[in-house]
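# Predicted model and sequence follow; I will ask about them next.
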Amino acid sequence: MTPDEILKELYDQTMVGNAPRVLELTRTGLAAGMTPDTLLYDSLIPSLEEVGARFERGDFFVPEMLIAGKAMAGALEVLRPLLAETGAATVGTFVMGTVKGDVHDIGKNLVNIMLEGAGFHVIDLGVQVSPEKFIDAIREHKPDIVGFSAFLTTTMPMFKANINALEKAGLRDQVIVMVGGAPVTQQYADAVGADGYAADASAAVKRAKDLLQQRRVLANA
Ligand code: B1M
(Lines give C-alpha, C1' and ligand atoms only; values in the text may rest on other atoms or scores of the structure.)
Protein backbone atom coordinates (compact mmCIF):
# COMPACT_ATOMS: atom_id res chain seq x y z
CA MET A 1 0.00 0.00 0.00
CA THR A 2 1.20 3.52 -0.69
CA PRO A 3 1.16 6.12 2.14
CA ASP A 4 -1.80 7.83 0.45
CA GLU A 5 -3.72 4.56 0.32
CA ILE A 6 -2.96 3.93 4.00
CA LEU A 7 -4.19 7.41 4.98
CA LYS A 8 -7.34 7.07 2.88
CA GLU A 9 -8.25 3.63 4.26
CA LEU A 10 -7.39 4.67 7.81
CA TYR A 11 -9.77 7.62 7.41
CA ASP A 12 -12.55 5.41 6.03
CA GLN A 13 -12.12 2.59 8.57
CA THR A 14 -12.01 5.03 11.52
CA MET A 15 -15.23 6.56 10.30
CA VAL A 16 -17.01 3.19 10.31
CA GLY A 17 -15.37 2.21 13.60
CA ASN A 18 -13.51 -0.85 12.33
CA ALA A 19 -11.11 -0.97 15.31
CA PRO A 20 -9.06 -4.05 14.30
CA ARG A 21 -8.42 -2.66 10.81
CA VAL A 22 -7.59 0.80 12.22
CA LEU A 23 -4.99 -0.79 14.48
CA GLU A 24 -3.57 -2.79 11.59
CA LEU A 25 -3.38 0.25 9.30
CA THR A 26 -1.75 2.35 12.03
CA ARG A 27 0.93 -0.30 12.44
CA THR A 28 1.30 -0.67 8.66
CA GLY A 29 1.75 3.08 8.32
CA LEU A 30 4.41 3.19 11.01
CA ALA A 31 6.19 0.19 9.50
CA ALA A 32 6.19 2.03 6.16
CA GLY A 33 7.99 4.94 7.82
CA MET A 34 5.00 7.28 8.20
CA THR A 35 5.16 9.56 11.25
CA PRO A 36 2.63 9.42 14.10
CA ASP A 37 1.81 13.07 13.34
CA THR A 38 0.91 12.26 9.73
CA LEU A 39 -1.35 9.40 10.78
CA LEU A 40 -3.01 11.57 13.41
CA TYR A 41 -3.41 14.90 11.67
CA ASP A 42 -3.89 13.72 8.07
CA SER A 43 -6.24 10.86 8.76
CA LEU A 44 -7.47 9.97 12.26
CA ILE A 45 -8.46 13.44 13.48
CA PRO A 46 -10.04 14.55 10.16
CA SER A 47 -12.02 11.29 10.18
CA LEU A 48 -13.46 12.03 13.62
CA GLU A 49 -14.25 15.57 12.48
CA GLU A 50 -16.26 14.09 9.62
CA VAL A 51 -17.99 11.74 12.09
CA GLY A 52 -19.00 14.84 14.09
CA ALA A 53 -20.23 16.59 10.94
CA ARG A 54 -22.32 13.54 9.99
CA PHE A 55 -23.73 13.42 13.52
CA GLU A 56 -24.74 17.08 13.21
CA ARG A 57 -26.44 16.38 9.87
CA GLY A 58 -28.33 13.43 11.36
CA ASP A 59 -26.52 10.89 9.17
CA PHE A 60 -24.72 9.33 12.16
CA PHE A 61 -26.04 8.67 15.68
CA VAL A 62 -24.37 8.18 19.08
CA PRO A 63 -23.45 4.49 18.48
CA GLU A 64 -21.57 5.43 15.30
CA MET A 65 -19.73 8.21 17.17
CA LEU A 66 -18.93 5.76 19.94
CA ILE A 67 -17.39 3.06 17.73
CA ALA A 68 -15.44 5.62 15.70
CA GLY A 69 -14.12 7.08 18.96
CA LYS A 70 -13.12 3.62 20.17
CA ALA A 71 -11.29 2.87 16.92
CA MET A 72 -9.40 6.16 17.24
CA ALA A 73 -8.57 5.46 20.91
CA GLY A 74 -7.04 2.11 19.90
CA ALA A 75 -4.81 3.79 17.33
CA LEU A 76 -3.79 6.37 19.92
CA GLU A 77 -2.53 3.61 22.21
CA VAL A 78 -0.25 2.38 19.41
CA LEU A 79 0.98 5.93 18.76
CA ARG A 80 1.32 6.86 22.46
CA PRO A 81 4.88 5.57 23.06
CA LEU A 82 6.11 7.19 19.86
CA LEU A 83 4.49 10.55 20.57
CA ALA A 84 5.76 10.54 24.14
CA GLU A 85 9.32 9.36 23.51
CA THR A 86 11.46 12.48 23.77
CA GLY A 87 13.39 11.61 26.91
CA ALA A 88 12.84 15.17 28.12
CA ALA A 89 13.55 15.85 31.82
CA THR A 90 10.53 16.57 34.04
CA VAL A 91 9.56 20.21 33.57
CA GLY A 92 6.52 20.36 35.84
CA THR A 93 3.43 18.61 37.15
CA PHE A 94 0.09 18.80 35.34
CA VAL A 95 -3.24 17.64 36.77
CA MET A 96 -5.71 17.08 33.95
CA GLY A 97 -9.34 16.07 33.66
CA THR A 98 -12.49 16.31 31.58
CA VAL A 99 -15.04 18.36 33.48
CA LYS A 100 -18.14 17.08 35.27
CA GLY A 101 -20.95 16.03 32.90
CA ASP A 102 -18.61 15.33 29.98
CA VAL A 103 -17.36 11.90 28.93
CA HIS A 104 -15.21 12.88 25.92
CA ASP A 105 -11.60 11.94 26.52
CA ILE A 106 -9.79 11.33 23.24
CA GLY A 107 -8.67 14.95 22.88
CA LYS A 108 -7.68 15.15 26.55
CA ASN A 109 -5.69 11.93 26.25
CA LEU A 110 -3.87 13.25 23.21
CA VAL A 111 -2.94 16.43 25.10
CA ASN A 112 -1.70 14.26 27.99
CA ILE A 113 0.50 12.21 25.66
CA MET A 114 2.05 15.32 24.16
CA LEU A 115 2.59 16.87 27.62
CA GLU A 116 4.30 13.69 28.80
CA GLY A 117 6.44 13.76 25.67
CA ALA A 118 7.48 17.31 26.52
CA GLY A 119 8.54 16.26 30.03
CA PHE A 120 5.48 17.01 32.15
CA HIS A 121 4.46 14.60 34.89
CA VAL A 122 0.76 14.22 34.09
CA ILE A 123 -1.85 13.10 36.62
CA ASP A 124 -4.97 12.24 34.65
CA LEU A 125 -8.17 12.34 36.69
CA GLY A 126 -10.23 10.92 33.82
CA VAL A 127 -13.66 12.13 32.76
CA GLN A 128 -16.67 13.63 34.59
CA VAL A 129 -14.32 15.18 37.14
CA SER A 130 -16.14 17.19 39.81
CA PRO A 131 -14.73 20.45 41.22
CA GLU A 132 -14.21 18.62 44.55
CA LYS A 133 -12.08 15.95 42.86
CA PHE A 134 -9.93 18.61 41.18
CA ILE A 135 -9.47 20.33 44.55
CA ASP A 136 -8.48 17.08 46.27
CA ALA A 137 -5.97 16.28 43.50
CA ILE A 138 -4.44 19.77 43.68
CA ARG A 139 -4.06 19.46 47.45
CA GLU A 140 -2.50 16.01 47.08
CA HIS A 141 -0.19 16.53 44.09
CA LYS A 142 0.53 20.28 44.27
CA PRO A 143 0.72 20.60 40.46
CA ASP A 144 2.13 23.59 38.61
CA ILE A 145 -0.83 23.51 36.24
CA VAL A 146 -4.37 22.18 36.33
CA GLY A 147 -6.09 21.54 32.99
CA PHE A 148 -9.83 21.44 32.40
CA SER A 149 -11.11 19.89 29.17
CA ALA A 150 -14.69 20.36 27.95
CA PHE A 151 -16.11 19.20 24.65
CA LEU A 152 -19.72 20.30 24.91
CA THR A 153 -21.11 23.82 25.02
CA THR A 154 -23.23 22.59 27.94
CA THR A 155 -20.19 21.54 30.03
CA MET A 156 -17.97 24.56 29.32
CA PRO A 157 -19.55 26.47 32.25
CA MET A 158 -17.85 23.92 34.53
CA PHE A 159 -14.60 25.87 33.94
CA LYS A 160 -16.03 28.77 35.91
CA ALA A 161 -17.44 26.41 38.55
CA ASN A 162 -14.01 24.81 38.93
CA ILE A 163 -12.25 28.17 39.15
CA ASN A 164 -14.78 29.35 41.75
CA ALA A 165 -14.10 26.18 43.74
CA LEU A 166 -10.34 26.84 43.55
CA GLU A 167 -10.88 30.37 44.86
CA LYS A 168 -13.12 29.15 47.66
CA ALA A 169 -10.49 26.58 48.66
CA GLY A 170 -7.78 29.28 48.70
CA LEU A 171 -5.84 27.50 45.93
CA ARG A 172 -6.34 29.80 42.95
CA ASP A 173 -3.00 31.61 43.40
CA GLN A 174 -1.10 28.37 43.77
CA VAL A 175 -1.88 26.79 40.42
CA ILE A 176 -1.98 27.85 36.79
CA VAL A 177 -5.34 27.09 35.13
CA MET A 178 -5.44 25.96 31.51
CA VAL A 179 -8.61 25.16 29.57
CA GLY A 180 -9.33 23.58 26.21
CA GLY A 181 -11.61 21.35 24.16
CA ALA A 182 -13.39 21.48 20.83
CA PRO A 183 -15.91 24.31 21.49
CA VAL A 184 -13.60 26.41 23.69
CA THR A 185 -12.11 29.69 22.45
CA GLN A 186 -9.53 32.13 23.77
CA GLN A 187 -12.35 34.60 24.41
CA TYR A 188 -14.23 32.07 26.52
CA ALA A 189 -11.07 31.18 28.43
CA ASP A 190 -10.48 34.87 29.17
CA ALA A 191 -14.10 35.37 30.22
CA VAL A 192 -13.95 32.61 32.84
CA GLY A 193 -10.60 33.77 34.18
CA ALA A 194 -8.36 30.94 32.98
CA ASP A 195 -4.63 31.64 32.66
CA GLY A 196 -4.23 29.82 29.38
CA TYR A 197 -6.03 28.23 26.47
CA ALA A 198 -4.86 26.12 23.55
CA ALA A 199 -6.70 24.89 20.48
CA ASP A 200 -4.84 21.61 20.08
CA ALA A 201 -2.35 19.29 21.72
CA SER A 202 0.83 20.86 20.32
CA ALA A 203 -0.36 24.36 21.18
CA ALA A 204 -1.26 23.11 24.68
CA VAL A 205 2.32 21.97 25.28
CA LYS A 206 3.74 25.28 24.10
CA ARG A 207 1.26 27.29 26.18
CA ALA A 208 1.91 25.16 29.28
CA LYS A 209 5.67 25.68 28.99
CA ASP A 210 5.27 29.43 28.42
CA LEU A 211 2.95 29.82 31.41
CA LEU A 212 5.29 27.85 33.63
CA GLN A 213 8.26 29.92 32.53
CA GLN A 214 6.37 33.18 33.20
CA ARG A 215 5.36 31.97 36.65
CA ARG A 216 8.94 30.99 37.51
CA VAL A 217 10.33 34.32 36.30
CA LEU A 218 7.76 36.16 38.45
CA ALA A 219 8.54 33.97 41.47
CA ASN A 220 12.26 34.76 41.17
CA ALA A 221 11.75 38.51 40.60
CO1 B1M B 1 -19.62 13.64 21.16
N2 B1M B 1 -19.95 15.47 20.60
N3 B1M B 1 -21.27 13.64 22.20
N4 B1M B 1 -19.18 11.80 21.53
N5 B1M B 1 -18.27 13.77 19.84
C6 B1M B 1 -18.91 16.14 19.81
C7 B1M B 1 -17.91 16.84 20.74
C8 B1M B 1 -19.76 17.12 18.89
C9 B1M B 1 -18.96 18.37 18.46
C10 B1M B 1 -20.33 16.36 17.67
C11 B1M B 1 -21.12 17.28 16.77
O12 B1M B 1 -22.27 17.53 17.03
N13 B1M B 1 -20.51 17.78 15.70
C14 B1M B 1 -20.96 17.43 19.83
C15 B1M B 1 -20.80 18.63 20.75
C16 B1M B 1 -21.62 19.82 20.28
C17 B1M B 1 -21.45 20.97 21.20
O18 B1M B 1 -21.74 20.92 22.37
N19 B1M B 1 -20.95 22.08 20.64
C20 B1M B 1 -21.10 16.13 20.61
C21 B1M B 1 -22.29 15.70 21.27
C22 B1M B 1 -23.51 16.56 21.06
C23 B1M B 1 -22.33 14.54 22.08
C24 B1M B 1 -23.53 14.01 22.89
C25 B1M B 1 -24.33 15.09 23.65
C26 B1M B 1 -24.42 13.20 21.93
C27 B1M B 1 -25.69 12.69 22.54
O28 B1M B 1 -25.68 11.92 23.47
N29 B1M B 1 -26.81 13.15 21.98
C30 B1M B 1 -22.83 13.02 23.87
C31 B1M B 1 -22.40 13.72 25.17
C32 B1M B 1 -21.95 12.74 26.23
C33 B1M B 1 -21.34 13.49 27.42
O34 B1M B 1 -20.19 13.86 27.39
N35 B1M B 1 -22.15 13.75 28.44
C36 B1M B 1 -21.63 12.64 23.08
C37 B1M B 1 -20.97 11.40 23.19
C38 B1M B 1 -19.88 11.02 22.44
C39 B1M B 1 -19.28 9.62 22.48
C40 B1M B 1 -19.25 9.00 23.88
C41 B1M B 1 -20.14 8.74 21.57
C42 B1M B 1 -17.86 9.84 21.80
C43 B1M B 1 -16.76 10.16 22.83
C44 B1M B 1 -15.77 9.05 22.94
C45 B1M B 1 -14.58 9.46 23.80
O46 B1M B 1 -14.15 10.60 23.84
N47 B1M B 1 -14.08 8.49 24.51
C48 B1M B 1 -18.11 11.12 21.02
C49 B1M B 1 -17.26 11.56 19.96
C50 B1M B 1 -16.21 10.56 19.45
C51 B1M B 1 -17.38 12.86 19.38
C52 B1M B 1 -16.61 13.46 18.18
C53 B1M B 1 -17.17 12.80 16.92
C54 B1M B 1 -15.10 13.32 18.19
C55 B1M B 1 -14.40 13.93 19.42
C56 B1M B 1 -12.92 13.69 19.32
O57 B1M B 1 -12.41 12.77 19.94
N58 B1M B 1 -12.23 14.48 18.48
C59 B1M B 1 -16.99 15.01 18.32
C60 B1M B 1 -17.01 15.71 16.97
C61 B1M B 1 -15.84 16.65 16.77
O62 B1M B 1 -15.05 16.90 17.66
N63 B1M B 1 -15.76 17.23 15.61
C64 B1M B 1 -18.15 14.98 19.24
C65 B1M B 1 -10.77 14.29 18.19
C66 B1M B 1 -9.92 14.98 19.25
C67 B1M B 1 -8.46 14.70 18.96
O68 B1M B 1 -10.14 16.37 19.14
O69 B1M B 1 -11.61 16.43 21.17
O70 B1M B 1 -11.21 18.54 19.85
P71 B1M B 1 -10.69 17.25 20.35
O72 B1M B 1 -9.37 17.56 21.24
C73 B1M B 1 -8.35 18.48 20.82
C74 B1M B 1 -8.61 19.94 21.27
O75 B1M B 1 -9.95 20.17 21.68
C76 B1M B 1 -7.55 20.21 22.31
O77 B1M B 1 -6.51 19.31 21.99
C78 B1M B 1 -7.08 18.08 21.53
C79 B1M B 1 -6.08 17.36 20.69
O80 B1M B 1 -5.61 18.14 19.59
N81 B1M B 1 -7.87 20.02 23.74
C82 B1M B 1 -7.22 20.76 24.69
C83 B1M B 1 -8.65 19.12 24.35
N84 B1M B 1 -8.58 19.25 25.67
C85 B1M B 1 -7.68 20.26 25.91
C86 B1M B 1 -7.24 20.80 27.11
C87 B1M B 1 -6.33 21.85 27.07
C88 B1M B 1 -5.88 22.36 25.85
C89 B1M B 1 -6.30 21.82 24.64
O90 B1M B 1 -5.84 22.45 28.17
C91 B1M B 1 -6.26 21.98 29.44
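Arrived safely, thanks for sending.
# Show me the longest strand that occurs in this structure.
Ordering each strand of the chain by length in residues (DSSP state E) puts strand 92-98 first.
# distance between it and the chain's centre?
11 Å (C-alpha atoms, centre = their mean, to the nearest Å).
# So what touches it?
Identification of contacts with strand 92-98 by C-beta atoms under 8 Å, 6 or more residues apart in numbering yields 104-105, 108, 111-112, 115, 119-129, 133-134, 137-138, 141-151, 181, 208, 212. Heads up, the C-betas are built off the backbone N, CA and C, glycines and all.
# List buried residues within these.
By neighbour count, with 16 or more other C-beta atoms under 10 Å, the contacts of strand 92-98 hold 104-105, 108, 111-112, 115, 119-120, 122-125, 127-129, 133-134, 137-138, 141, 143-151, 181, 208, 212 as buried.
# In strands, which of those fall?
Residues of these located in strands (DSSP E): Phe120, Val122, Ile123, Asp124, Ile145, Val146, Gly147, Phe148, Ser149.
# Check which helices and strands the helix ranked longest in the chain sits against.
Of all the elements of type helix in the chain, the one with the most residues (DSSP state H) is helix 62-83. The helices and strands touching helix 62-83, judged by 3 or more C-beta pairs under 8 Å, 6 or more residues apart in numbering; DSSP states H and E, are helix 3-15, helix 19-31, helix 36-39, helix 45-57, helix 106-117.
# which one of those helices is the most hemmed in?
Greatest average neighbour count among the helices and strands packed on helix 62-83 goes to helix 106-117 (a mean of 22), per mean count of other C-beta atoms under 10 Å.
# Quick one: mean pLDDT for that one?
What helix 106-117 shows for mean pLDDT is 91.
# can you check stretch 139-158 too?
98.
# and the gap between the closest residue to Gln13 other than its chain neighbours and Thr2?
Sequence neighbours aside, Arg21 is the residue nearest to Gln13 in space, at 4.5 Å (criterion: C-beta to C-beta, 6 or more residues apart in numbering). Distance, Arg21 to Thr2, by C-beta to C-beta, to the nearest Å: 17 Å.
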